[in-house]
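**Q** Have a look at this prediction, sequence included:
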Amino acid sequence: MRKINTSDVCKMARIMKASGMREKIFELFKQGRNIQADDISSPEVQEFGVSVVFEIIEVLAEQKAERELYELIGGIVGKSANEIAEQEFTTTIEDVKAIAKENDLVAFFSQASNLMATK
């Protein structure tokens, strides 16, 4: 597994645009600002994480950016897009959790939501 890089952020932006998920993500960022927990296992962070996962699942159900999402996750965890697509869903969730832990996504989302609040 590697750290998220700038290219990954650009890929995620394209996925958000293609899927029409941008507004939903901004709403989640706003909700994330209210989380006062630094521990990824806290109930508040877990609830926020579940919200994000369900938003992603909704996008996948519409298949607007499915392949790109598999490529993004696979690129970070060192698997092919096909491996991500074909593995058990629980394994994909574990991959996403590992990405979140390795890259301190709680802090990232907190900082991003604070930046959005200043605009």
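**A** Yes, it's here.

**Q** Disregarding residues adjacent in the polypeptide, which is nearest to the residue nearest the centre of the chain?
**A** Nearest to the centroid of the C-alpha atoms of the chain, with distances taken as CA atoms, centre = their mean, sits residue 52, at 6.6 Å. For residue 52, ignoring the flanking residues on the chain, the nearest one in space by CB to CB, 6 or more residues apart in numbering is residue 28 at 6.0 Å. The C-beta positions use only the backbone N, C-alpha and C, and glycine is treated the same way.

**Q** which is the next helix or strand following whichever strand or helix holds the one you found?
**A** Of the helices and strands defined by DSSP states H and E, residue 28 is found in helix 22-33. Scanning forward in sequence from helix 22-33, with DSSP H and E defining helices and strands, the next element found is helix 43-62.

**Q** Just give the number of residues close to the nearest residue to residue 72 once chain neighbours are set aside.
**A** With sequence-adjacent residues excluded and distances taken as CB to CB, 6+ apart, residue 72 is closest to residue 11, at 4.8 Å. The number of residues packed around residue 11, counting by other CB atoms under 10 Å, is 19.
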